[in-house]
Every structure is written in C-alpha cells, then in structure tokens.
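[1] Provide a 3D model corresponding to the input given below.
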Amino acid sequence: MFVVSRRFTGLRSIQEFGRRAEQGLGPILRANPGFRGYYLMDCGDGSGFSISVFESREAAEAIRDHALGWIDETLPDFTAESSELTVGTLITRIEAPAPAAMPGETAAARPTTH
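    Predicted coordinates:
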C-alpha cells in the first residue's frame with residue numbers, strides 16, 4: 001500500500017472543501033482500480049489534513065495529474081496558504097476486527113456506519 005498525505009493551512013472552509021471533494025474528486029478516485037481510500041480531517045483554524053491510500057505508488061501516480069487538475073479547476077477559491085505533501089509506503093496497518101455476522105446474515109447485507 002502507498003499513502004499520500006497533505007496538510008493544508010489557510011483554507012476558507014474545510015467542510016465545504018470536503019463536500020466539493022466528495023462530489024467531484026470522489027468519482028475520479030473511485031475510477032482508479034488501485035485506489036483504496038481518501039480521508040479528510042478538520043484540524044481547526046482553517047487547517048486540514050488528507051490521507052489517500054492506494055495499492056501502489058504506480059496507482060497513486062496514475063491518478064495524480066487528473067486529481068490535481070480537478071482541484072485546480074474546481075477549487076480555485078480554496079487555495080491554501082500552504083500545503084505540505086508527504087508520500088510513502090505503508091509499513092503497518094492495524095484495524096479493528098470486522099463485526100461478526102448475525103445468524104443468516106451475509107457480510108454484504110450488514111449496514112455500514114460512517
């Protein structure tokens with residue numbers, strides 16, 4: 001797995017940024033077969049932090065120009081004062097165990113929470 005993280009400062013509204021990203025950037029990311037997840041945090045005071053997870057560096061690089069183009073075209077009013085990019089290979093992953101299925105229930109039928 002390969003991770004791309006970005007810390008933003010000076011954003012006008014991280015909530016609006018997230019809403020627009022979910023509607024526009026989401027479909028672009030989901031169309032990439034190597035994409036695994038995107039997470040955006042509100043760090044307060046106009047700061048935010050995003051984490052994108054891909055199967056490989058190649059999968060991240062394959063979508064980079066398309067995603068950055070969308071951001072430049074769609075979010076010009078959200079230009080951050082500064083942005084710090086960090087990339088790297090995921091070394092350790094610890095996840096909560098999946099909840100057990102109820103008798104007669106399949107994993108696909110279980111509701112998800114966000």
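[2] which residues sit against stretch 86-102?
    Stretch 86-102 has contacts (Cβ atoms under 8 Å, 6 or more residues apart in numbering) with Met1, Phe2, Val3, Val4, Ser5, Arg6, Arg7, Val53, Arg57, Ala60, Ala107, Arg110. C-beta coordinates here come from the backbone N, C-alpha and C atoms, glycine included.
[3] Tabulate the residues you listed (a markdown table), appending distance to Leu90.
    Below are the contacts of stretch 86-102 laid out as a markdown table (distance: Cβ to Cβ, whole Å):
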| residue | distance to Leu90 |
| --- | --- |
| Met1 | 4 |
| Phe2 | 7 |
| Val3 | 5 |
| Val4 | 11 |
| Ser5 | 11 |
| Arg6 | 16 |
| Arg7 | 18 |
| Val53 | 7 |
| Arg57 | 11 |
| Ala60 | 11 |
| Ala107 | 24 |
| Arg110 | 26 |
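[4] min pLDDT across the residues you listed, which one?
    Among the contacts of stretch 86-102, Arg110 carries the lowest pLDDT, at 47.
[5] could you pull out the strands for this structure?
    Secondary structure of the chain (DSSP state E): strands at 2-9, 35-44, 47-54, 82-89.
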